[in-house]
Every structure is written in structure tokens, then in C-alpha cells.
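A.B. asks: Take this sequence and fold it.
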Amino acid sequence: MNFFRRILAFTFIIIFIVVTLTSPSPKAITTETNKISRTPIRAGVLLYFFEDSYLLLLKKNLEDIQKENPDKIEFTFFDGKANPAIQYEIINNMINDNFDLLLLNIFEAKENTLQEIINKAKQKSLPLIIFISTIPNIDIVKTYSKLAFIPADTKEPAILEGKIIADAWNENKKAIDKNGDNILQYIMLKGKTDSVLSNSRTKYSVESINTLGIQTEELATVSCNWSRQIAKESTRSLFIRFGNKIEAIIANNDILALGAIDALQGLGYNKGNKLKTIPVVGIDALPEAQELIKKGYMLGSVFHDPSTMADAIYNIGLNLVSGKSITSGTDYKIDPSGVIVNINFKEYTIKTLSEISQ
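C.D. replies: Numbering: from 1, shown residues only. As a prediction, this is how the structure comes out:
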């Protein structure tokens, strides 16, 4: 009897070992279904430059999302140091580092480089989001089904920036049009001369003012390399040159606008006296710019909410990893390409504060 019990026990052990060895591992299941089964999802995040004020706000919002969802997502951040060569090296390492999701902010990638990145991600069936970046060729981003693109809109924020100036002109033309010639004399603070984003914002902000029926005259355009200090020094030099001829300052982003405010306040302007205030506009609505707008020291900015952007990156990322459609369970709008998601911009002025806070 004991002999038969031993035979039966031995048989069960053999069966258990065979089933264990021949059953597919969780890793194999993941490979076959192309879905990530482990949690939290490991997401590698490349940011163009850690010293960029807007990207720092975005990073903080992503970190807050991780704190609220520790069982769902784990972000690892990489600093691209505003250097394309460094960025592409980091991306290659990220692709080989067993991340479940890649989130890339590569700003203005060349067409062949972007195609190479997409091809490498595609080879590993690695979900990919490229965000706040320009698109060299729409066809490239349509070649991979696990890719979503949240572009750096080069047109809409510039149009809104121009509208802020035009609205102020129409409401208080007498105060702005100092020489009474019915023409808005302005200076333009550009990011970079060879930047697609900078050139587009420069073009469409002025076109927007003209489209709204206001004539403009460019007194000067200065490339500031996205530097607050350079913007400050340039504005000071231009003020010494043009003085009260300057009726508005249009900046490609808030960093440059803040540099302009620094210079003007050093010269006794934009401190609350409406008779000594030059309208300054920017893009991003950074917290410091928001405070200046509330005080009346800065005319306005274009709000690109980092919290909304972080939520979009997180939700779309989860969808891609789980094999769902890009906008599944969200209110985001996708364009006809099927991969591009646009995040709306809003005017940030004293008049629109109540709308934005809702």
C-alpha cells in the first residue's frame, strides 16, 4: 500500500514539473500580445533641457501624477541639455534599457533622425510619444501604429499673442499709439534665427495683428537664443535707441518677455504707472509672468497648461501600452492623420483670468 502511495506521489511531482516547464512565461505572453503586463509601467522621459522653465513645470506635473498613481506609472527623466547629439545618444540607450514606454521631447528633430528613432522603436514594438516637437514630415509619424504625436503648435499661440496686442490697441489705442500715426511700432524678441518654432511665432503674431485691421511697423527684431539675460540686454539697448517710439514688445516666449520686463523696470517703466508702461506679450504663461500680468506690469501671455499636457502624456501613454486607441477614454481630439493630438491654448490676460481658473 505504501509502495502505491509513493508511486502516486512521484507521478504528481513529475506532472507538476512538466506543466511548469512547458507553460509560457509572463514575458512570452507579453511578447505575443504586444501588451505590457507588469506594473508599474516604466516610462523613460527625455526632456529637451532641464533648465527650460516650462519643461520644469511639466516635469513636476508628471512627478505629481506618479505620486498619485505609484502602482501604474514610474517615470525616469533624462536631460537632453539642449544638445541634439546628447539627446540621440540618450534615446538609443533608452530604447535598449527595457522601458515599456518612451516619451520624447526632441523639439526640432531632422527628418532622417526622427525616422531612425521611430524605426528603432518599431523594431522593439515600443510605444512612443513625441511631444512639444515640430513635425518635419507628417508621413513619418504615420508609419508606426504605436506612436502618438503632441506637436509644438507653431501657429495658434502666435495668433493668440497677436490678438492680445490687437485687443489692447482697440480698447486703449490712445495710450498705446504714442505718436498718433495709427501704426503700431514694435520690437520683436526671437528665440533663435534658425528655429522653425521661433520663425513661425514671429511671423504669425504680426500677421494676426494685421489681420485684425492694425497696421504695424517693425522697429527691430533681435535673436535672443531663448535667453532671459540676452532679452534684457537687447531690450535695454533698443530702448536707448528708440525710446518712446516703442509701442509694444512681442516675445517668442515668456522667458524673453520676462527679460524685456526686467529691462523696462530697470529704466523706470512697467511698474504700475500706465503712462510709463509698454505692452509686453509672451507665450507659455509661466507663473512669474502670470504674477506680472495680474499686477498690470505685463499685458498678457498664451496659456499652455503644463498640467493639461502632463495628463495628456500620461493618459495617451497608458492607452498605447495597453493596446487601446490613442484617445480611448479621453476628450482629446485627434487630427485626420490618426496620430496627432493637439492641446488647446488660451489667452492669459487680466480679462481672461476667470475663464482659465474654471
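A.B. asks: Mind telling me what element Ile250 is part of?
C.D. replies: Using DSSP states H and E, Ile250 sits within strand 248-251.
A.B. asks: Now do that strand: which elements does it pack against?
C.D. replies: Applying 3 or more CB pairs under 8 Å, 6 or more residues apart in numbering; DSSP states H and E, one finds that strand 248-251 contacts helix 156-171, strand 183-190, helix 254-266, strand 280-281. For every residue, glycine as well, the C-beta is placed using N, CA and C.
A.B. asks: same thing but at 6 Å, please
C.D. replies: Under the contact definition 3 or more CB pairs under 6 Å, 6 or more residues apart in numbering; DSSP states H and E, strand 248-251 sits against strand 183-190.
A.B. asks: Name every strand pairing with the strand it packs on and say which way it goes.
C.D. replies: Applying DSSP bridges, strand 183-190 is found paired with strand 215-223 (parallel), strand 248-251 (parallel).
A.B. asks: and the helix or strand just after it with helix 254-266, angle?
C.D. replies: Next in sequence after strand 183-190, counting helices and strands by DSSP H and E, comes helix 196-211. Relative orientation of helix 196-211 and helix 254-266, computed by axes from the mean of the first three to the mean of the last three CA atoms, to 10 degrees: 60 degrees.
A.B. asks: Stretch 181-199: which residues count as buried?
C.D. replies: Neighbour-count burial for stretch 181-199, counted by 16 or more other CB atoms under 10 Å, picks out 184-191, 195, 197-199.
A.B. asks: helix, strand or coil for the closest residue to Ser200 other than its chain neighbours?
C.D. replies: Nearest residue to Ser200, sequence neighbours excluded (CB to CB, 6 or more residues apart in numbering): Thr154, at 3.5 Å. Assigned by DSSP: H, G, I helix; E, B strand; the rest coil, the conformation of Thr154 is coil.
A.B. asks: Tell me how far the helix or strand hosting Ile86 lies from the chain's centre.
C.D. replies: Assigned by DSSP H and E, Ile86 belongs to helix 84-96. Relative to the chain's own centre, helix 84-96 is displaced by 19 Å; criterion: CA atoms, centre = their mean, to the nearest Å.
A.B. asks: Tell me which residues of it come out buried.
C.D. replies: 84, 87-88, 90-91, 94-95.
A.B. asks: Check stretch 273-282 too.
C.D. replies: For stretch 273-282, a neighbour-count test (16+ other CB under 10 Å) marks 277-282 as buried.
A.B. asks: what is the mean pLDDT for it?
C.D. replies: For stretch 273-282, mean pLDDT rounds to 96.
A.B. asks: same thing with stretch 328-345?
C.D. replies: 92.
A.B. asks: what about the helices in the stretch 1-150 of the chain?
C.D. replies: For the stretch 1-150 of the chain, the helices defined by DSSP state H, counting those that start in this stretch cover 2-22, 26-33, 53-68, 84-96, 111-123, 138-141.
A.B. asks: And the contacts of the shortest one?
C.D. replies: This means helix 138-141. Contact with helix 138-141 is made by 114-115, 147, 149, 337, 339, as judged by CB atoms under 6 Å, 6 or more residues apart in numbering.
A.B. asks: what's the angle from the helix holding Ile86 to helix 111-123?
C.D. replies: Angle, helix 84-96 to helix 111-123, by the same axes, to 10 degrees: 10 degrees.
A.B. asks: Show me what helix 84-96 is packed against.
C.D. replies: The criterion is 3+ CB pairs under 6 Å, 6+ apart, and there are no helices or strands that helix 84-96 contacts.
A.B. asks: mind redoing it with 7 Å?
C.D. replies: Applying 3 or more CB pairs under 7 Å, 6 or more residues apart in numbering; DSSP states H and E, one finds that helix 84-96 contacts strand 41-47, helix 111-123.
A.B. asks: What lies in contact with it?
C.D. replies: 44, 46, 78, 80, 102, 104, 106, 113, 117, 120-121, 124, 126 (CB atoms under 7 Å, 6 or more residues apart in numbering).
A.B. asks: now stretch 50-59
C.D. replies: Identification of contacts with stretch 50-59 by CB under 7 Å, 6+ apart yields 47-49, 77, 79, 105, 255, 284, 286, 306, 309-310.
A.B. asks: how about 8 Å then?
C.D. replies: Stretch 50-59 has contacts (CB atoms under 8 Å, 6 or more residues apart in numbering) with 45, 47-49, 77, 79, 81-82, 105, 132, 226, 253-255, 284, 286-287, 304, 306, 309-310.
A.B. asks: where does this protein have low pLDDT?
C.D. replies: Low-confidence segments of the chain, defined by pLDDT under 70: 1-37, 354, 356-358.
A.B. asks: for the most centrally placed residue in it, what are its contacts?
C.D. replies: When the chain is reduced to its mean C-alpha position, the nearest residue by CA atoms, centre = their mean turns out to be Ile132, at 3.7 Å. Going by CB under 8 Å, 6+ apart, Ile132 touches 48, 55, 105, 107, 150-152, 309.
A.B. asks: Distance to Glu247 added to the helices and strands packed on helix 84-96, as CSV?
C.D. replies: Below are these laid out as CSV (distance: least, CB to CB, whole Å):
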stretch, distance to Glu247
strand 41-47, 37
helix 111-123, 40
